[in-house]
Structures are given as structure tokens and as C-alpha cells.
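Asks: Sequence first, then the predicted structure, then my questions.
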Protein chains: 2
Amino acid sequence: MPLFSVIASHMLAVDERLKEVLEQHNPVVREVSDYLQQASGKRLRPALVLLAGRVGAIGSLSFDLVEVASAVEMIHMATLVHDDIIDKAEMRRGMPAVRSRFSDPVAVLSGDFLFARAFQILAATRRPELVDLAAEVVYVMSTGEISQHLDQGRIASEEAYWRRIEAKTGFFLEACCRLGATAAHASDPVREALGQYGHHIGLAYQVIDDLLDWVANPNVLGKGVGGDLELGIYTLPVIHALEDPRFGEDVRGMLAKKDQDLVKNVGRVLSDSGAFDYCRQRAADHLRRAQKALEQVPEGIERQELADVADFVGAREY
Amino acid sequence: MPLFSVIASHMLAVDERLKEVLEQHNPVVREVSDYLQQASGKRLRPALVLLAGRVGAIGSLSFDLVEVASAVEMIHMATLVHDDIIDKAEMRRGMPAVRSRFSDPVAVLSGDFLFARAFQILAATRRPELVDLAAEVVYVMSTGEISQHLDQGRIASEEAYWRRIEAKTGFFLEACCRLGATAAHASDPVREALGQYGHHIGLAYQVIDDLLDWVANPNVLGKGVGGDLELGIYTLPVIHALEDPRFGEDVRGMLAKKDQDLVKNVGRVLSDSGAFDYCRQRAADHLRRAQKALEQVPEGIERQELADVADFVGAREY
């Protein structure tokens, strides 16, 4: 079964809305805006908004929900465009990144205009609580990334890792669920349960992302193995091996030496030490907790699809 | 008389609010946030919000007004931090730019977190029209700059120049006045008149800024002469000389040759051709229209101060 089938028509409405909102009269800006829309991702965040907003709902779709889902995707696009500057990434979603296709300055400005349009759409719902939560997402992500960036190359504790991915992904996916529930006027307990669900799939999603940076087929993922380590970012597999008394000393030595075979050598230790298995277990824990949270949510096809999203997060290989 | 004396206490309230809102618990992020606040500029935008919101007002200051003024300054700070990445600027407001002090990535993220906080403050006023107008400012500026950036080194018409500075400065200062008037529930005609005033001082301000890039004392301005031209940005003095039948051919030749003395040679022509005088006249036109718009605004010390701001814009030398 393809994902998001119960909201397929609403997802199309989001695509239509993005096209409308990002339309440009100036031909130069239009080229950039069209390019931004070509590289379409998994659309996980707008899907969460729609599913969370439809859970237990009867009848027609609220207009706000499509608006919020579109705004959330634009915020996500903006953060990706800005992240690529930070990571000096060449590719994104199988295409040259905006910074490669155009330039870093155009990427800075494109992110800004996506943020601006997103907040205009949210303002038009006349629901300040939606603006506030979406802005909080941008705030948490950007300050979290400043801290990560300035701490680059410093060995972090596992606790600091979880804080970092909470800021990067956990809070955003939680906010998507909360935004959908709030836009649809869900009850407080349902909104809280959906928020918990989003939080846990967010953490699982990021742990698996960090794991796939090591174990995915590079041809499928579209980028090299160990890319995070090359950028000086220590993710859970590395942190786990560092904290393992049997392997920590070795890995620390490799990180200090930074020789040409760093990624290959560290990768071998991660595999031997069981760090990859540990990551899979931790992701599975969070997915179980996500499923558990769904028990507090009204039954129905949307809840089933949220459960399927959790399964998809656990199963993804790229 | 110092500027903004009638709103001096409110300006202090804005400074206090910025400090509160930008406070950080994470020590790494705190260092960046503190640095952002050290480089305090002219505070023209929050002053316009406050003055426009106080014109004709009786009694105590509305809470919203200080909030909006603070948000507007944060948006301005964000655009400056991002602009410095685009222009590869080393200095800003007499200090190393955020990108020089930290790095381009930190500058990208700092701008984002300033935007995010600004929109949270605006959302908290529960006035969606304020969020919308502030987001429109970011939208107009960023798309305008994309167009300028991708057109760099292309000779533009004077008409295109006015469109560009409208997007860069005119609309922002207009929006500051409109935001203040809207926050204070001014009548429609007063809000429109204040918007017109802001629009015209914005255009005058930018023309004079572009003129000062050529004629200011580099020691006072804190940057070299002809910096815009070095970046491939053709401002009004150059465009005017290019459109002058007596000098256009010469300047076009210099721009094509791009030799080491480009700035010196073009500067001499600009001086001879009367391009600088033309800029001063056009700025004076707009300042007259700004003063004219003020006639539709209730009399009082705030209106007098708005008139003084226009005089200040006309007289500034750095």
C-alpha cells in the first residue's frame, strides 16, 4: 500500500497550493522558485499535519489544514536550502542543491523568501498559535544547529546527541502533528498524544538517518558513506562506540589522527562494536513509543496510516 | 536636539525587550546572541514604528507597539546578517560582521533565529495583520535581492533601480510606519499617510546611502569608496551617468574594461557629470513628498519628530 493513500487528494491540494504561493512574476526569481519546487521530497511533514488534523474528523477537510501543511513544507524546504550552505552540500533530493545550481547568496535568500511566504500563509489562517508554533520550530532548529556547528569536532555525550536531534527533527515532527491537531480543533489529550507520536517518530527518523549515513547503499542514498564524520559531526553510531570501553580508545585515536582512511577504519569498528545494532534498537524503542501514543488517538483509517508511517520510518533504507 | 527624544523611554523599552527575547541558555548560542546585540545601529525602524504608533495618541503606550518595534529591529538585524554573507562583507556597524567573527554558517542560522523570534513576538500580539505585513517585508526584500543578485553586472535602467530600492528599503520603512499605525489602531487615512511618508523617506534614505558609497569620507563610513561598483552593483550615480549622452559611452567602456582604476575613473566621471547632484535632488524630492504626507497626520511632537527624521535622512553623511 502506498503511504498517505487516505490523504492522497489532500496531498495534491498541498502541491497545488505550493505552486500558487510560490509563483513569481519576476522571471529571474521565477527560475529559482520553479527550481525549488522541482526537487520534491517525501512530503512527510505536510502528511503528518494532514493526518493529525484528520484523525477522528468527520466530513470535509478544513481549509486551514491544507494551508498549514503547505506552510510546513515551505519551512522544511527553507531549512534544507540553508542546511546545504552550512554543510557545503552539492546535491539535494537527487538534484544539484540550490547553492550549487545558483550560488550561496541565492540559497540564503531563497530560504528567507520561503520562510516569509510560510509565515504569510500561517498569518492568513488568523490563528496566532499556529504562527507561534511554526516559528518556534525554526527557532529551535536554528539555535540547535548553531550549537552543533560551533561544537563541531568536539566529542559529545549520548545525552547531547539526543538533545541535538530533538532540536533538529524531533521537535519539528512533533510540531507538525500538533499544528494539524490544533488547526483541526482536536481535544487536548488527542493533541498531546499526537505530539508524543510525532516526537518519537522524529527521533527514530533521525537516528535511522544517522545510521543510514553509515550503512546505506551510497547509490541509493545519493551521497557517500560516513559523510557526517567527514563534516566533523559525531552521530549516535560513533558516540556509542566512543562510550564503549572495548572500542572507545581506538576510535578516539582514529579521530585524533584524522588520516585518509578515517571513515573506512571507523566504519569497521562501528560494525564490530555493535553500534549499528544499538542504533536500530533505539530507533525501534522510539517507534514502539510512537505506536503506544497512537492508542490515545481516535481509531480510523488516519490512525492506521499514522501507524504505517511509523513502520515506514523503521523500514526505510534511504 | 537628539533624534527620537520624545520616544526615548520607549526606545529603551525596545532595547530591554530585545535583550529578553534574545536571551539564550546554551552558552555557545549565547555568545552569538550577545554579539548580535552589541552591534547596535541607528534603530531607525523601531523608532518609526513607535512614532507612527504614537502620532495623535493620547495616554499610555500600547504594549503591542514596543513588541512590534522590537520585532522589526530583529527582522532588520536578520537581513543585515544575511546580507553580509551575500556581499562577503567583513565589517558591519563598526564591528566584524557575524560571518567574520564566527562563520557563514553561523550567520545563516543567526538570521534564521532572529526571523523566528520576530515572528513569535508578532504572533503573541494576536494580530495576524501585523505578522502578514512583517512577513511581506521579508518576502519583498529577499525576492528583490535574488533578482538583484542574479542580474549583477548587468546594466539596469533607472526605472529598475527605483524598483530595486523600493524592495530593499522603501517597502520596509513604509511597513514600519504602517505596522506602528496598525498596532495603534490609527484611522485608515492616517495609516495611509504614514505609509506614504515611510515609503518616501525609505527611497531617499537608500539613494543617499548609494550616494555616500561614493562621496562619504571612508573613515566615517567605515568602508571603502565605490564598494557597490566593486560588487558589480550599479546604483543611481552610475546609472545616471550611463544614461547621460555626454558620458554614457565612456562609463560603458570603463565597466567593460574593468581595469584596476575602475572605481577611481568612474568616480571622476560621476563627479564631472553631475550624477551626484542628480542623486541629491532626487533624494530631496522624496523627502519633500515625505513632509507633504505628514500634513495628513495629527499634529504634535511625534509628527514633529517624524519631520526631523526626514531632515536627518537628508543631512546624514555616514
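Replies: Received the coordinates, thanks.

Asks: Now the terminal residues of stretch A:123-130, how far apart.
Replies: With CA to CA, to the nearest Å applied, stretch A:123-130 spans 8 Å between its terminal residues.

Asks: That one and chain B, are they touching?
Replies: Yes. Applying CB under 8 Å from any CB of the partner chain, one finds stretch A:123-130 touching chain B at A:123-129. From N, CA and C alone the C-beta is placed, and that goes for glycine too.

Asks: ok, residues contacting that stretch?
Replies: When contacts are defined by CB atoms under 8 Å, 6 or more residues apart in numbering or on different chains, stretch A:123-130 is touched by residues A:64, A:67-68, A:122, A:131, A:179, A:182-183, B:123-129, B:131-132, B:135.

Asks: at 10 Å what do you get?
Replies: A:62-65, A:67-68, A:71-72, A:121-122, A:131, A:133, A:175, A:178-179, A:182-183, B:119-120, B:122-136 (CB atoms under 10 Å, 6 or more residues apart in numbering or on different chains).

Asks: Can you get me a residue count around residue A:213?
Replies: Residue A:213 has 20 neighbours, counted by other CB atoms under 10 Å in any protein chain shown.

Asks: Wait, a helix at it?
Replies: Yes. Assessed by DSSP: H, G, I helix; E, B strand; the rest coil, residue A:213 belongs to a helix.

Asks: can you count the residues close to the nearest residue to it once chain neighbours are set aside?
Replies: The shortest distance from residue A:213 to any non-neighbouring residue, by CB to CB, 6 or more residues apart in numbering or on different chains, is to residue A:228 (5.0 Å). For residue A:228, the neighbour count with other CB under 10 Å is 18.

Asks: Same check on residue A:16?
Replies: Neighbour count for residue A:16, taken as other CB under 10 Å: 12.

Asks: looking at it, it is touching residue A:67, isn't it?
Replies: No. If you go by CB atoms under 10 Å, residue A:16 and residue A:67 don't touch, sitting 11.9 Å apart.

Asks: which stretches of the stretch 51-200 of chain A form helices?
Replies: Remark: helices assigned in the stretch 51-200 of chain A by DSSP state H, counting those that start in this stretch are A:63-86, A:98-101, A:104-124, A:128-150, A:158-165, A:171-183, A:188-215.

Asks: On the three-state scheme, residue A:259 is what?
Replies: coil.

Asks: if I look at the residue most central in space within chain A, how far off is residue A:192?
Replies: With distances taken as CA atoms, centre = their mean, residue A:169 lies nearest the centre of chain A, 4.7 Å away. From residue A:169 across to residue A:192, the span is 19 Å (CB to CB, to the nearest Å).

Asks: before we move on, what about residue A:50?
Replies: From residue A:50 to residue A:192 the distance is 19 Å (CB to CB).

Asks: Who are the contact partners of the residue of the stretch 151-300 of chain A found nearest chain B?
Replies: Going by CB to the nearest CB, chain B is nearest to residue A:151 of the stretch 151-300 of chain A, at 6.4 Å. Applying CB under 10 Å, 6+ apart to residue A:151 gives the contacts A:160, A:164, A:232-234, B:26, B:28.

Asks: Buried only: go through those for me.
Replies: In terms of neighbour count (16 or more other CB atoms under 10 Å in any protein chain shown), the buried residues within the contacts of residue A:151 are A:164, A:233-234, B:26, B:28.

Asks: ok so, going back, can I get the residues of stretch A:123-130 next to chain B in JSON lines including neighbour count and distance to residue B:304?
Replies: Listed next are these as JSON lines, based on neighbours: other CB atoms under 10 Å in any protein chain shown; distance: CB to CB, whole Å:
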{"residue": "A:123", "neighbour count": "26", "distance to residue B:304": "34"}
{"residue": "A:124", "neighbour count": "16", "distance to residue B:304": "37"}
{"residue": "A:125", "neighbour count": "19", "distance to residue B:304": "40"}
{"residue": "A:126", "neighbour count": "15", "distance to residue B:304": "37"}
{"residue": "A:127", "neighbour count": "20", "distance to residue B:304": "40"}
{"residue": "A:128", "neighbour count": "20", "distance to residue B:304": "35"}
{"residue": "A:129", "neighbour count": "16", "distance to residue B:304": "40"}
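
Asks: Can you pick out the most distant pair from the residues you listed?
Replies: Greatest spacing in the residues of stretch A:123-130 next to chain B, by CB to CB: A:124 and A:129 (14.3 Å).

Asks: Could I get the CA-only coordinates of stretch A:177-191 as CSV?
Replies: Below are the C-alpha coordinates for stretch A:177-191, written out as CSV (Å, rounded to 0.1, in the frame of the first residue of the first chain):
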residue,chain,number,x,y,z
CYS,A,177,1.3,16.8,14.5
ARG,A,178,0.4,19.5,17.0
LEU,A,179,-0.2,22.0,14.2
GLY,A,180,-2.6,19.6,12.4
ALA,A,181,-4.4,18.8,15.6
THR,A,182,-4.6,22.4,16.6
ALA,A,183,-5.8,23.6,13.2
ALA,A,184,-8.5,20.9,13.4
HIS,A,185,-9.5,21.9,16.9
ALA,A,186,-8.7,18.4,18.3
SER,A,187,-9.2,17.9,22.1
ASP,A,188,-6.2,18.5,24.4
PRO,A,189,-5.5,14.8,25.1
VAL,A,190,-5.6,13.9,21.4
ARG,A,191,-3.3,16.8,20.5
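
Asks: Tell me how far it lies from the chain's centre.
Replies: 20 Å (CA atoms, centre = their mean, to the nearest Å).

Asks: And chain B, is that stretch touching that?
Replies: No. Figure legend: stretch A:177-191 not in contact with chain B (CB under 10 Å from any CB of the partner chain); closest approach 12.9 Å.

Asks: residues of that stretch that come out buried?
Replies: For stretch A:177-191, by 16+ other CB under 10 Å, it's A:177-184, A:186, A:190-191.

Asks: do stretch A:228-241 as well
Replies: A:228-229, A:233-241.

Asks: Now secondary structure too, for those residues, in JSON lines please.
Replies: Shown next, in JSON lines, are those (three-state DSSP):
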{"residue": "A:228", "secondary structure": "helix"}
{"residue": "A:229", "secondary structure": "helix"}
{"residue": "A:233", "secondary structure": "coil"}
{"residue": "A:234", "secondary structure": "coil"}
{"residue": "A:235", "secondary structure": "coil"}
{"residue": "A:236", "secondary structure": "helix"}
{"residue": "A:237", "secondary structure": "helix"}
{"residue": "A:238", "secondary structure": "helix"}
{"residue": "A:239", "secondary structure": "helix"}
{"residue": "A:240", "secondary structure": "helix"}
{"residue": "A:241", "secondary structure": "helix"}
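
Asks: These into a markdown table, with extra columns for distance to residue A:103 and pLDDT?
Replies: Formatted as a markdown table, the buried residues of stretch A:228-241 follow (distance: CB to CB, whole Å; pLDDT from 0 to 100):
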| residue | distance to residue A:103 | pLDDT |
| --- | --- | --- |
| A:228 | 25 | 89 |
| A:229 | 27 | 92 |
| A:233 | 24 | 90 |
| A:234 | 30 | 93 |
| A:235 | 29 | 95 |
| A:236 | 34 | 97 |
| A:237 | 34 | 96 |
| A:238 | 32 | 96 |
| A:239 | 35 | 96 |
| A:240 | 38 | 96 |
| A:241 | 38 | 96 |
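
Asks: Let me know the closest of these to residue B:313.
Replies: Nearest to residue B:313 among the buried residues of stretch A:228-241, with distances taken as CB to CB, is residue A:233, at 46.7 Å.
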